[in-house]
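> Sequence first, then the predicted structure, then my questions.
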2 protein chains.
Amino acid sequence: MARIAELAHMSAGHIYHYFESKDAIIAAIVARECAMQAEGFANFEAIPSEELLQALVEKAGEGVEMNTDPFQSVLNLEIAAEAQRNPAIAEMLRAHDTKVRSIFAALLTTKLGLKDAEGRVELLFTIFGGLPIRILRNPGLDRDSLTAFLRKAIRSVLRD
Amino acid sequence: MARIAELAHMSAGHIYHYFESKDAIIAAIVARECAMQAEGFANFEAIPSEELLQALVEKAGEGVEMNTDPFQSVLNLEIAAEAQRNPAIAEMLRAHDTKVRSIFAALLTTKLGLKDAEGRVELLFTIFGGLPIRILRNPGLDRDSLTAFLRKAIRSVLRD
DNA sequence: CATTACTTCGAACGTTCATTCTAACTCTTC
DNA sequence: GAAGAGTTAGAATGAACGTTCGAAGTAATG
């Protein structure tokens, strides 16, 4: 709280006029991150069926960039760690995950005509969700090389 | 420390006869986890070249099982979170990661004759490293369905 | 100008936590 | 069985942290 107050240029006590507790701040951060991610997924819905596969393959680079970004990757890991000890945060994360999973699976089913879309989605989410851990363990990661093979994998997973 | 003492059936003070500090306990846990993981990778080296690809595809199921195990996945996420605020732990993780990455990449290069093995390894490590986050966000994850597509992806990534 | 409401501060509080220390206990050795 | 070394407990310590609270400051209203 002291550090947050410092960064927000206010006293620690003053923060409690905006947030009920530190947990409320954390919940707000997580909610904002979930909302931002949901927005990203919403963009896919506007893409015509015949372009979707190619678009997903191309967007892989952005996904790698975003999920290995120093700020974003640290925040995402921090959120995961918080969810392990804070049931309220875990619940937020799970509800959000269920939502984006079904959105994305529906996309694959209807636009790409794929069976078992849920399993494919889980694999893709595992990969992008795993990037923060990867960059933590190997900060010198060659993003381009990884992206190249990721694109191969995506094409394979999104094929019948 | 109180909780550790309770689980170890000793007083909190007594623990300090075995470990210098709480950080030393954490470092020991991380070192043990790294050693166990390194052992697992060492097993691959005994596999003949012509069986390796098939073995890796088959071992995917075990990898999913292990990395979504309630204890193991929570511990791995906890270690990652710790590394974010404890430089000593981060260094251990990175040194270990460099080691296993090069072991595995050498395997792919010499036994499977693959180029750009490093990139392939990064993708595989990203996937398995991402499983703890996946199971956290979706505890109801269908492991079999995920494993099926993971095997497809592995075959694709380990092809020329 | 006076009164009221809102804003902001920072000290104080209570709790939690890792760590230290002293004293008691247990075993070994002569 | 006495002495000494190693072991264990548990209270004490001091720091860190989230939160509360009263006072001081600022703006709005009549």
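Arrived safely.
> In chain A, what residue comes closest to chain B?
Using CB to the nearest CB, the single residue of chain A nearest to chain B is residue A:130, 2.1 Å away. All C-beta spots, glycine's among them, are computed from the backbone N, C-alpha and C.
> Give me the neighbour count for that residue.
Residue A:130 has 23 neighbours, counted by other CB atoms under 10 Å in any protein chain shown.
> ok, is the longest helix seen in chain A in contact with chain B or not?
Once chain A is assigned using DSSP state H, the helix that runs over the most residues is helix A:87-112. Yes: Helix A:87-112 reaches chain B (CB under 8 Å from any CB of the partner chain) through A:90, A:93-94, A:97-98, A:101.
> Need the pLDDT of the closest residue to DNA strand C within chain A.
Using CB to the nearest atom of the strand, residue A:13 is the residue of chain A that sits closest to DNA strand C, at 1.8 Å. Here, the pLDDT recorded for residue A:13 equals 95.
> which residues touch whichever strand or helix holds it?
Using DSSP states H and E, residue A:13 sits in helix A:12-15. Outside helix A:12-15, the residues within contact range by CB atoms under 8 Å, 6 or more residues apart in numbering or on different chains are A:1-2, A:4-5, A:8, A:25.
> Next: stretch A:80-92.
For stretch A:80-92, contacts defined as CB under 8 Å, 6+ apart pick out A:23, A:26-27, A:30-31, A:34, A:79, A:93, B:74, B:77-78, B:80-81, B:132-133, B:136.
> which one of those residues sits closest to residue B:153?
If you rank the contacts of stretch A:80-92 by distance to residue B:153 using CB to CB, residue B:133 comes first, at 17.3 Å.
> contacting residues around that closest one?
A:80, A:126, A:129-130, A:132-133, B:77.
> still on that earlier bit, as CSV, the contacts of helix A:12-15 with secondary structure, neighbour count and pLDDT would be great.
Listed next are these as CSV, based on DSSP: H, G, I helix; E, B strand; the rest coil; neighbours: other CB atoms under 10 Å in any protein chain shown; pLDDT from 0 to 100:
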residue, secondary structure, neighbour count, pLDDT
A:1, coil, 13, 94
A:2, helix, 8, 95
A:4, helix, 13, 96
A:5, helix, 14, 96
A:8, coil, 12, 95
A:25, helix, 15, 98
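> which two from these end up farthest apart in space?
Across these, the longest distance by CB to CB is 13.2 Å; it joins A:2 and A:25.
> Write out the residues of chain A neighbouring DNA strand C.
Residues of chain A lying close to DNA strand C by CB under 7 Å from any atom of the strand are A:9-14, A:17.
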